[in-house]
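Colleague: Structure, please.
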Amino acid sequence: MSAMKTPGVYIVEKNAFPNSIVQVATAVPAFIGHTETAMNGNTPLTMTPWRISSMAEFHRYFGGPPTVMFDLAEYDDKTPTELPGLTDETGATPDSLPAATITIPGRDASEPTKKYGLKIADDPAPSDASVASYRYALYGAMRLFFQNGGGPCWIVSVGGYDAAIEKDPMEQGIMVLKKEEEPTMVVIPEATRLTRMDCINVQQQMLKHCGADMKNRFAILDMFAGYLDRDGGDPVASFRGELGTNNLDYGAAYYPWVNTSIFEARDFGFHNIQAEDTLLVDLLKASANPAKLEDDDPKIKATFDEIEKIGLSGDKAPDPDILDKTLRAIAPLYVELTNKLMELSNCMSPGPAMAGIYTAVDAARGVWKAPANVSVNSVVSPTIKISHEDQEDLNVTPQGKSINAIRPFVGEGVLVWGARTLDGNSLDWRYVNVRRTMIMLEESVKLAAKAYVFEPNTANTWVTMRSMIENFLHSVWKAGGLAGAVPEDAYSVHVGLGETMTPVDILEGILRITVLVAVSRPAEFIEITFQQQLQKS
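Modeller: Predicted structure coming up:
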């Protein structure tokens, strides 16, 4: 205060308490992928991180779902490459997405049984270049995220539905996230739509971004071709062998993919199927006329007339909704086809669901609770049923790259049955909740400590900062985030000359604080011992 020159009473106020540390948000994922649009009014949002908090906001800024196209073609053992997802036993390279077959028996002995394959198309039909390619997965991923408890998140649109899915835009989307401080997780559902090596390259960049560049984020990785069994291409072995060893404690992977209920059969119809010439029309005719009645039969003729409307265009084009309802009533094969389209579209990688589960568990229990032994919403089943023995190699492996299993349990539904990072052999960073808790503690203390930059490097500052950090850690301990019967067992803060600093440190303007914390770890293995004892009465 200024020098006192006039007689009187002067009031002096002094701060009695240190600043408080506010816990940072722990579950704010950033999703990177393609969207229908990317506009905020007249401002483009492409390659611009944008925060949303609901699916309604996603629709407002980024539009709706893509038009998914499916290839329908005759399938036989001589052409395995047409459906690589089904033919791993032949040695074909697994595709990034599954395929399906439809068997149509002949109507008499002269017509043999034939197989027809369905797979999501790589590109739109040449005759309709305006229809988007199939591999855009962000929209469905967002629905799965919010269904599993997702909340505020960031979207980075790397292009529209007319852009090819390539790794360079995804890596650029990762780079622009460096400008934002709030995201704590990174998820790229469309990485699995790339080639296997491009997918790995993108995932390596995700780990580098989280663990080396930002050091305050966690990557949730989706496994390429994770719908396959380990006996059919072994996506787990490929993932482990190609991912590398850098920054593994900043990421987690989940296996297998899941069959969801995000899309319904009525979301798909004849307009989603592309086939050569009149293949679809001919198959539907055969399905609508199993008795092989004469074509001039009035009922059959009327049915065929409806089916043939599929190929009409221009002024003769039918109302798609009315024709869709008609086909469902008159052609049994059409119902089977739309069900298959629904199943293929609902086969999704589990990363977005896990991001939602992380958010829900953090809100209900805290970031220190392992996101495991939790049911997955909007999931019918995992694509592969993993047994107790199957999970042994996933969870504990000599390479240390633990993979968390998603398993069905009788009477409990589909549960997340693993909580390990990819650094599974590390005693420090083995568990997802330990790494994410440390990220939360570090970021919370770091932000609060900024207020003391350039303060005098004296005992008053040291005591104030130690009290501030101890108060914060005490609140975390009371909430269950730190292990210990008493606070002294859970944490300790050390700062001072001769304790954490030397006189040279002070001359160089360095204030060193050492914080020790006992982060709670999950009871991954529970052993209960039973032993008989002698009768006592």
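
Colleague: what ranges do the strands span in the stretch 51-200 of the chain?
Modeller: Using DSSP state E, counting those that start in this stretch, the strands assigned to the stretch 51-200 of the chain run over residues 70-75, 99-104, 114-120, 153-157, 185-187.

Colleague: tell me the angle the first one makes with strand 99-104.
Modeller: When axes from the mean of the first three to the mean of the last three Cα atoms, to 10 degrees is applied, the directions of strand 70-75 and strand 99-104 differ by 60 degrees.

Colleague: partners of strand 70-75 in the sheet?
Modeller: Sheet pairing of strand 70-75 (DSSP bridges) gives strand 114-120 (antiparallel), strand 273-275 (parallel).

Colleague: for the stretch 1-150 of the chain, what spans make up the helices?
Modeller: Using DSSP state H, counting those that start in this stretch, the helices assigned to the stretch 1-150 of the chain run over residues 55-62, 138-147.

Colleague: go on, the stretch 301-450 of the chain?
Modeller: Taking DSSP H, counting those that start in this stretch as the criterion, the stretch 301-450 of the chain carries its helices at 320-330, 332-346, 351-364, 388-395, 432-449.

Colleague: okay if I get those helices as CSV plus mean pLDDT, distance to Met465 and mean neighbour count?
Modeller: The way it works is simple: take the backbone N, C-alpha and C, and place the C-beta from them, glycine included. Shown next, in CSV, are the helices of the stretch 301-450 of the chain (pLDDT from 0 to 100; distance: least, Cβ to Cβ, whole Å; neighbours: other Cβ atoms under 10 Å):
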stretch, mean pLDDT, distance to Met465, mean neighbour count
helix 320-330, 90, 66, 16
helix 332-346, 93, 52, 20
helix 351-364, 97, 27, 24
helix 388-395, 93, 41, 14
helix 432-449, 96, 7, 20
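
Colleague: Out of the ones you listed, the one nearest Arg466 is which?
Modeller: helix 432-449 (11.3 Å; Cβ to Cβ).

Colleague: Quick one: residues contacting Trp417.
Modeller: Applying Cβ atoms under 8 Å, 6 or more residues apart in numbering to Trp417 gives the contacts Ala372, Asn373, Gln391, Asn404, Ala405, Ile406, Arg407.

Colleague: With distance to Gly33 and mean pLDDT added, can I get the strands of the stretch 51-200 of the chain in TSV?
Modeller: What follows is those, written out as TSV (distance: least, Cβ to Cβ, whole Å; pLDDT from 0 to 100):
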stretch	distance to Gly33	mean pLDDT
strand 70-75	20	84
strand 99-104	22	83
strand 114-120	16	85
strand 153-157	7	98
strand 185-187	9	98
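
Colleague: To Val12, which of those lies closest?
Modeller: strand 153-157 (46.4 Å).

Colleague: Give me the below-cutoff pLDDT ranges for this structure.
Modeller: 1-2, 76-94, 106-111, 123-134, 232, 289-296 (pLDDT under 70).

Colleague: biggest helix in it, by residue count?
Modeller: helix 459-479 (DSSP state H).

Colleague: other SSEs contacting that helix?
Modeller: Contacting helix 459-479 under the criterion 3 or more Cβ pairs under 8 Å, 6 or more residues apart in numbering; DSSP states H and E are the following elements: helix 432-449, helix 487-490, strand 491-495, strand 513-517.

Colleague: In a markdown table: these, plus distance to Glu343.
Modeller: As requested, the helices and strands packed on helix 459-479 are exported to a markdown table (distance: least, Cβ to Cβ, whole Å):
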| stretch | distance to Glu343 |
| --- | --- |
| helix 432-449 | 30 |
| helix 487-490 | 49 |
| strand 491-495 | 51 |
| strand 513-517 | 47 |
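
Colleague: Beta-bridge partners for Thr101, please?
Modeller: With DSSP bridges as the rule, Thr101 is bridged to Gly117.

Colleague: Tell me if I'm right that it and Lys114 touch.
Modeller: No. Between Thr101 and Lys114 there is no contact under Cβ atoms under 8 Å: 10.2 Å.

Colleague: and the contacts of Trp417, which are buried?
Modeller: When the contacts of Trp417 are checked for burial by 16 or more other Cβ atoms under 10 Å, the buried set is Ala372, Gln391, Asn404, Ala405, Ile406, Arg407.

Colleague: What is the neighbour count of the spatially closest residue to the third one that is not a sequence neighbour?
Modeller: What it means is Asn404. The spatially closest residue to Asn404, leaving aside those adjacent along the chain, is Gly418, at 2.9 Å (Cβ to Cβ, 6 or more residues apart in numbering). Neighbourhood size, Gly418 [other Cβ atoms under 10 Å]: 26.

Colleague: Equivalent analysis for Gly173, please.
Modeller: 26.

Colleague: between the helices of the stretch 301-450 of the chain, which gets nearest to Asp277?
Modeller: Using Cβ to Cβ, the helices of the stretch 301-450 of the chain put helix 332-346 closest to Asp277, at 17.0 Å.

Colleague: what's the closest one packed up against?
Modeller: Helix 332-346 packs on strand 70-75, strand 99-104, strand 114-120, strand 258-260, helix 279-288, helix 320-330, going by 3+ Cβ pairs under 8 Å, 6+ apart.

Colleague: how does it look with 7 Å?
Modeller: Secondary-structure packing of helix 332-346 (3 or more Cβ pairs under 7 Å, 6 or more residues apart in numbering; DSSP states H and E): strand 99-104, strand 114-120, strand 258-260, helix 279-288, helix 320-330.

Colleague: Give me whichever of those is most buried.
Modeller: Highest mean neighbour count among the helices and strands packed on helix 332-346 (mean count of other Cβ atoms under 10 Å): strand 258-260, with a mean of 22.

Colleague: That one: how far from the chain's middle?
Modeller: Centroid separation for strand 258-260 versus its chain: 13 Å, with Cα atoms, centre = their mean, to the nearest Å.

Colleague: can you check stretch 135-152 too?
Modeller: 8 Å.

Colleague: And the contacts of it?
Modeller: Outside stretch 135-152, the residues that touch it by Cβ atoms under 7 Å, 6 or more residues apart in numbering are 28, 31, 33-35, 51, 53, 55, 58, 64-66, 161, 165, 189-190, 193, 260, 262, 348, 352-353, 355-357, 359-360, 376-378.

Colleague: Which members of those are classed as buried?
Modeller: 28, 31, 33-35, 58, 65-66, 161, 165, 189-190, 193, 260, 262, 348, 352-353, 355-357, 359-360, 376-378.

Colleague: Pop the domain breakdown of this structure in here.
Modeller: 29-64+134-257+349-432, 70-120+265-345, 458-537 (automatic domain parsing).

Colleague: Is it possible to get JSON lines of those domains that adds distance to Pro18?
Modeller: Formatted as JSON lines, the domains of the chain follow (distance: least, Cβ to Cβ, whole Å):
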{"stretch": "domain 29-64+134-257+349-432", "distance to Pro18": "23"}
{"stretch": "domain 70-120+265-345", "distance to Pro18": "53"}
{"stretch": "domain 458-537", "distance to Pro18": "4"}
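
Colleague: Looking at those, spot the one closest to Tyr10.
Modeller: Going by Cβ to Cβ, the one of the domains of the chain nearest Tyr10 is domain 458-537, 22.4 Å.

Colleague: now the end-to-end length of that closest one.
Modeller: 70 Å (Cα to Cα, to the nearest Å).

Colleague: And the closest residue to Thr103 other than its chain neighbours, how far from Gly140?
Modeller: Using Cβ to Cβ, 6+ apart and skipping the chain neighbours, the partner closest in space to Thr103 is Lys115 (5.5 Å). For Lys115, the distance to Gly140 equals 28 Å [Cβ to Cβ, to the nearest Å].

Colleague: again with Ile330
Modeller: The spacing between Ile330 and Gly140, counted by Cβ to Cβ, is 30 Å.

Colleague: do Leu516 as well
Modeller: Leu516 is 44 Å from Gly140, by Cβ to Cβ.

Colleague: of the two, who's got more company?
Modeller: Taking other Cβ under 10 Å, Leu516 and Gly140 do not tie; Gly140 has more neighbours (20 against 10).

Colleague: can you tell me how far the more buried one sits from Val495?
Modeller: 50 Å.

Colleague: go on, Glu343?
Modeller: Distance, Glu343 to Val495, using Cβ to Cβ: 60 Å.
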